[in-house]
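Q: Dropping the sequence and predicted coords here.
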Amino acid sequence: MKFLSFVTVFLHVSCLAQQSGADVLAANAQIDAGVVKKDIAALEKLYADDFVFTHGGGFVDSKSSWIKNIQQPELQFKSRIQDSTKVEMHGDVGILFGRLDIVREQNQQTSRYGLWYVRVFVRRDNRWQCISHRTTKEWH
């Protein structure tokens with residue numbers, strides 16, 4: 001009987017972790033779609049107030065400076081396509097590893113590049129928010 005209770009609890013916790021992982025992956029996809037669409041209202045909810053974005057060259061953005069950058073009229077992300085995305089769950093923290101292939105236009109110049117990144121999500125107020133993005137490798 002105790003073994004059956006243990007198995008039941010284990011399966012329940014395992015299912016919750018899988019659902020949480022799927023929710024983190026969905027929030028991650030919403031971020032990149034929001035950047036392309038310049039959906040500032042969505043990005044305000046998806047990025048935590050203490051969000052930190054460390055770019056491949058070492059430059060660091062806060063939530064407000066990154067969103068201000070996205071809003072520039074001369075900058076348009078044409079696509080941000082995710083690949084090789086995996087999430088590792090630790091309760092209310094999700095660590096996401098992935099690759100982005102990016103096409104952006106700035107001042108009528110198109111650039112294509114890719115990057116590997118790590119993002120950290122935390123569940124706050126019953127929703128997933130990104131608290132950190134760190135580009136680990138970038139190529140042009």
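A: Good, I have the coordinates. Numbering: from 1, shown residues only.
Q: alpha carbons only for contacts and neighbour counts from here, please
A: Fine.
Q: got the phi/psi numbers for Gln72?
A: Reported as degrees, to the nearest 10, the phi and psi values for Gln72 are phi -60, psi 130.
Q: how many other residues sit next to it?
A: Using other C-alpha atoms under 10 Å, Gln72 has 11 neighbouring residues.
Q: Equivalent analysis for His55, please.
A: Residues near His55, counting by other C-alpha under 10 Å, number 17.
Q: Pull up the per-residue confidence for the nearest residue to it once chain neighbours are set aside.
A: Computed as C-alpha to C-alpha, 6 or more residues apart in numbering, the closest residue to His55 that is not its neighbour in sequence is Thr135, at 5.3 Å. Among the per-residue scores, Thr135 shows a pLDDT of 98.
Q: who's in contact with the helix or strand containing Thr135?
A: For Thr135, the host element (DSSP states H and E) is strand 127-139. Strand 127-139 is touched from outside by 23-24, 27-28, 45-56, 113-123, with contacts defined as C-alpha atoms under 8 Å, 6 or more residues apart in numbering.
Q: nearest spatial neighbour of Val87, skipping sequence neighbours?
A: Val87 sits nearest to Leu96 (C-alpha to C-alpha, 6+ apart), 4.3 Å away.
Q: got it, and Gly114?
A: Using C-alpha to C-alpha, 6+ apart and skipping residues adjacent in sequence, the residue nearest Gly114 is Asp101, 4.4 Å away.
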